[in-house]
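**Q** Let's see this in three dimensions:
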Amino acid sequence: MTLATRLAALYCLASVLSFAGSWSGWLVDSKCYAALERNKSPTDTLNYVDRDKNHEIRYCEPNAKTKSFAMVEQNGLSFNLDAGGNAKAAEMVRSAGKKSIAEVTVAGEMTRDTVKVDSISIAR
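**A** The predicted structure is shown next:
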């Protein structure tokens, strides 16, 4: 295989691993939410039926002390924010004060389960 062919194949594979987009969902404390996600019976096959996602989202609502954030989409999938996104989300939560941030829209580049955040805003 020539060097050019190898580079072309590597470029194609790298582009599959990440993609830009925009997602809407609920902002949560990532450590709290991950702990709730791990807190399940290993023999339970009906995971999503037995769980109250709305309660989990409310329980893990971020506050002014939250340092790491995740976003939970309508379908229940979640992803973490990168360091820059965590800083932007923390500033947004602090500026909201005692008001609850219901839904957010995140724009950026997804790589596996983390988004490199370009922008984050309260969804209207």
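
**Q** where does the protein dip in pLDDT?
**A** Scanning the chain for pLDDT under 70 picks out 1, 3-19, 41-50, 124.

**Q** quick one: buried residues of the lengthiest strand in it?
**A** When the chain is parsed with DSSP state E, its longest strand is strand 18-29. By neighbour count on 16 or more other CB atoms under 10 Å, the buried set for strand 18-29 is Trp23, Gly25, Trp26, Leu27, Val28, Asp29. Quick note: C-beta positions are derived from backbone N, CA and C, even for glycine.

**Q** I'd say the first one and Val115 touch.
**A** Going back to what we said before, that points to Trp23. Yes: with contacts defined as CB atoms under 8 Å, Trp23 counts as touching Val115 at a distance of 7.3 Å.

**Q** list the residues that contact both of those two?
**A** Shared contacts of Trp23 and Val115, defined by CB atoms under 8 Å, 6 or more residues apart in numbering, are found at Met71, Phe79, Val106.

**Q** out of these, which are inside strands?
**A** Met71, Phe79, Val106.
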